[in-house]
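1. I'll drop the sequence and a predicted model, then ask my questions.
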Amino acid sequence: MHWLGSDDKTSTSKNPIILKQFECNKRAVLYDNTLDKDVIVETHQGVPFCKTCNTDDCGHVGFTILLDQKYENEGFILD
């Protein structure tokens, strides 16, 4: 979760994953610097699913869950 503590949350050189687009409990578009591509995680009935990894238990899903929790608790993602 290096991204949450990062001063520059949009820097691909400093963050392995950056957030490009977010709709709480619906969809997150992430950029995975390791894969060098966009990753889409969609949430249906509370269950996130990574369209890139084709699974519900990869790091992208975990990242999206934490984003959803942060948004629900604080009302915002970026500060």
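-> Cool, got the structure.
2. would you map the helices across this protein?
-> For the chain, applying DSSP state H gives helices covering 2-5, 59-74.
3. out of those helices, deepest packed?
-> helix 59-74 (a mean of 16; mean count of other CB atoms under 10 Å). C-beta here means a position set from N, CA and C on the backbone, and glycine is covered the same way.
4. possible to save the helices of the chain as JSON lines with distance to residue 19 and mean pLDDT?
-> Shown next, in JSON lines, are the helices of the chain (distance: least, CB to CB, whole Å; pLDDT from 0 to 100):
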{"stretch": "helix 2-5", "distance to residue 19": "7", "mean pLDDT": "51"}
{"stretch": "helix 59-74", "distance to residue 19": "7", "mean pLDDT": "92"}
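5. contacts for stretch 43-54?
-> Stretch 43-54 is contacted by residues 25-28, 32, 35, 37, 39-42, 55-56, 58, 60-61, 64-65, 68 when judged by CB atoms under 8 Å, 6 or more residues apart in numbering.
6. OK, contacts around the spatially closest residue to residue 29 that is not a sequence neighbour?
-> In space, and not counting its chain neighbours, residue 29 is closest to residue 21: 3.9 Å by CB to CB, 6 or more residues apart in numbering. Residues in contact with residue 21 (CB under 8 Å, 6+ apart) are 27-29.
7. among those, name the ones in strands.
-> 27-29 (DSSP state E).
8. ok, those residues vs residue 72, which is closest?
-> Nearest to residue 72 among the ones in strands among the contacts of residue 21, counting by CB to CB, is residue 28 at 13.7 Å.
9. quick revisit: write the PyMOL selection for whichever of the ones in strands among the contacts of residue 21 are buried.
-> Buried residues among the ones in strands among the contacts of residue 21 (16 or more other CB atoms under 10 Å), as a PyMOL selection:
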select buried, resi 27+28
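10. pLDDT and distance to residue 49 for the ones in strands among the contacts of residue 21 - can I get that in CSV?
-> Listed next are these as CSV, based on pLDDT from 0 to 100; distance: CB to CB, whole Å:
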residue, pLDDT, distance to residue 49
27, 97, 10
28, 97, 11
29, 97, 14
